[in-house]
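Colleague: need a 3D model of the sequence below.
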Amino acid sequence: IEHIFKHLKNTKGGKNADYIPELKKVNPNSYAISVFTINGESYNVGMFDKEFALESASKVFSLALALKTKGVAKVKQMIGTEQTSTVFNSVAAIEESANHTLNSFENGGAMATTSIAYDKNKAKFEKKIFDNMSKFAGRHLTYSRPVYKSEYSNSDHNRAIAYLLKSYKRFYGDVEDTLDVYTRQCSALVTSKDVAIMAATLANGGVNPKTGERVIDAKFIPYILSHMVTNGLYESSETWLTNVGLPAKSGVGGVLLIVVPGVMGIGIISPPLDEHGNSVKGIKTAEAMSKMLNLGIFNRRQPCKM
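Modeller: Numbering: from 1, shown residues only. Sure thing, here's the model as predicted:
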């Protein structure tokens with residue numbers, strides 16, 4: 001991990017998300033790699049204690065909460081698993097899709113997934129979302145008010161998508177309250193260490209290897225991981241699967257959450273993004289780690305070296 005970090009730390013390319021002004025301000029040279037194994041071993045390099053916005057990687061955990069609440073069959077019916085090659089906030093894709101919500105990682109389906117946890121008491125609604133994410137991280141998570149305000153003040157596109165879904169009866173709570181809580185969810189602050197532990201909980205069949213707490217039933221893990229495989233990096237998901245071969249979810253704050261099933265979780269953070277909204281340096285790091293440690297689930301001829 002240290003070798004990869006030193007080799008890639010000066011890699012250039014990509015730019016911070018600029019449609020959320022607060023994310024544009026983040027130091028583009030920020031870089032961290034963390035690993036947390038299912039046996040509780042922790043490896044970290046770089047700015048691993050610095051907090052960043054979780055953004056779309058949070059969608060993994062709102063999906064987990066929806067599955068705990070409704071079960072696989074109901075979530076499939078309410079949201080769907082349709083893969084798409086369009087951008088993550090496409091209105092046209094929702095209109096043209098038979099199920100309209102597409103999947104739990106496109107923005108529309110993600111908001112609809114969060115709405116499954118809706119409570120008329122917005123404080124309780126928000127608490128459910130954050131308590132769930134905190135259990136995966138093994139510590140109490142909060143959100144960045146500056147990122148939240150910056151994102152919420154630029155949320156008209158998401159608002160339009162949410163109301164479009166409501167018109168199709170594919171939204172399951174009050175639009176304005178859900179949009180607010182969803183934006184706070186995306187503004188959750190995490191370190192690369194947190195991300196690795198959250199991923200390791202999925203790698204460990206739903207048991208947090210740091211706290212020993214069962215966070216989610218093992219029967220829901222295959223649905224979550226398959227969703228990550230097919231939709232985790234949006235329209236680059238197929239390329240990612242070919243080059244890295246692991247379930248993952250990206251976020252426009254520069255987060256990459258990667259699961260090595262039965263072995264460990266990986267958290268990588270580097271804010272500059274490619275044209276698809278995925279961390280440029282994060283992807284290069286994951287490719288190097290997968291190759292050096294023999295991690296890919298489809299080409300692993302021997303157990304990985306961790």
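
Colleague: from here on, contacts and neighbour counts on C-alpha atoms
Modeller: Noted.

Colleague: residue 257 - that's part of a strand, no?
Modeller: Yes. Assessed by DSSP: H, G, I helix; E, B strand; the rest coil, residue 257 belongs to a strand.

Colleague: against residue 184, how distant is it?
Modeller: For residue 257, the distance to residue 184 equals 19 Å [Cα to Cα, to the nearest Å].

Colleague: so where's the stretch 201-306 of the chain shaky on pLDDT?
Modeller: Within the stretch 201-306 of the chain, the ranges that satisfy pLDDT under 70 run 299-306.

Colleague: compare residue 257 and residue 184 (neighbour count), which wins?
Modeller: Using other Cα atoms under 10 Å as the criterion, residue 257 and residue 184 rank with residue 257 on top: 29 against 25.

Colleague: what residues are up against that one?
Modeller: 57, 195-196, 199, 248-250, 265-268 (Cα atoms under 8 Å, 6 or more residues apart in numbering).

Colleague: rerun at 10 Å
Modeller: 54, 57-58, 60, 192, 194-200, 228, 232, 247-251, 265-269, 282 (Cα atoms under 10 Å, 6 or more residues apart in numbering).

Colleague: one more: residue 54?
Modeller: 143, 185-192, 194-195, 250-257, 269.

Colleague: same thing but 8 Å
Modeller: So residue 54 contacts 186-190, 251, 253, 255 (Cα under 8 Å, 6+ apart).

Colleague: so of those, which ones are in helices?
Modeller: residue 186 (DSSP state H).

Colleague: show the buried residues in the contacts of residue 54.
Modeller: 186-190, 251, 253, 255 (16 or more other Cα atoms under 10 Å).

Colleague: by residue count, what's the longest helix in the chain?
Modeller: Longest helix in the chain, counting by DSSP H: helix 122-137.

Colleague: tell me the buried residues in that one?
Modeller: Applying a neighbour-count criterion of 16+ other Cα under 10 Å, one finds 125-126, 128-130, 132-137 buried in helix 122-137.

Colleague: one step back: of the buried ones among the contacts of residue 54, closest to residue 147?
Modeller: residue 187 (5.9 Å; Cα to Cα).

Colleague: can you list the contacts of residue 54 in TSV and add distance to residue 277?
Modeller: Shown next, in TSV, are the contacts of residue 54 (distance: Cα to Cα, whole Å):
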residue	distance to residue 277
186	15
187	16
188	18
189	19
190	18
251	7
253	9
255	10
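
Colleague: nearest to residue 25 among the contacts of residue 54?
Modeller: Distances from residue 25 to the contacts of residue 54, taken by Cα to Cα, are shortest for residue 253, at 10.8 Å.

Colleague: what's that closest one in contact with, if anything?
Modeller: Counted by Cα under 8 Å, 6+ apart, residue 253 has contacts 16-17, 23, 52-55, 270-271.

Colleague: circling back: just the ones of the contacts of residue 257 in strands?
Modeller: 248-250, 265-269 (DSSP state E).

Colleague: and the angle for the helix or strand hosting residue 67 with helix 122-137?
Modeller: For residue 67, the element it lies in under DSSP states H and E is helix 59-70. Using axes from the mean of the first three to the mean of the last three Cα atoms, to 10 degrees, the inter-axis angle of helix 59-70 relative to helix 122-137 is 110 degrees.

Colleague: what packs against helix 59-70?
Modeller: Other helices and strands packing on helix 59-70, by 3 or more Cα pairs under 8 Å, 6 or more residues apart in numbering; DSSP states H and E, are helix 107-115, helix 122-137, helix 221-231.

Colleague: these: which one's closest to residue 153?
Modeller: Across the helices and strands packed on helix 59-70, closest to residue 153 is helix 107-115 (Cα to Cα), at 16.5 Å.

Colleague: please save the CA atoms from stretch 192-209 in PDB.
Modeller: Provided in PDB are the C-alpha atoms of stretch 192-209 (Å, rounded to 0.1, in the frame of the first residue of the first chain):
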ATOM      1  CA  SER A 192     -10.700   6.700   4.500                       C
ATOM      2  CA  LYS A 193     -10.500   4.600   7.600                       C
ATOM      3  CA  ASP A 194     -14.200   4.900   8.100                       C
ATOM      4  CA  VAL A 195     -14.800   3.900   4.400                       C
ATOM      5  CA  ALA A 196     -12.600   0.800   4.800                       C
ATOM      6  CA  ILE A 197     -14.500  -0.300   7.900                       C
ATOM      7  CA  MET A 198     -17.900   0.300   6.200                       C
ATOM      8  CA  ALA A 199     -16.700  -1.800   3.300                       C
ATOM      9  CA  ALA A 200     -15.200  -4.400   5.600                       C
ATOM     10  CA  THR A 201     -18.600  -4.800   7.300                       C
ATOM     11  CA  LEU A 202     -20.000  -5.900   3.900                       C
ATOM     12  CA  ALA A 203     -17.000  -8.100   3.200                       C
ATOM     13  CA  ASN A 204     -17.600  -9.700   6.600                       C
ATOM     14  CA  GLY A 205     -21.200 -10.800   5.800                       C
ATOM     15  CA  GLY A 206     -22.800  -7.900   7.600                       C
ATOM     16  CA  VAL A 207     -20.800  -8.000  10.900                       C
ATOM     17  CA  ASN A 208     -18.700  -4.900  11.600                       C
ATOM     18  CA  PRO A 209     -15.200  -6.300  12.300                       C
END
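
Colleague: kind regards, and thank you for your time.
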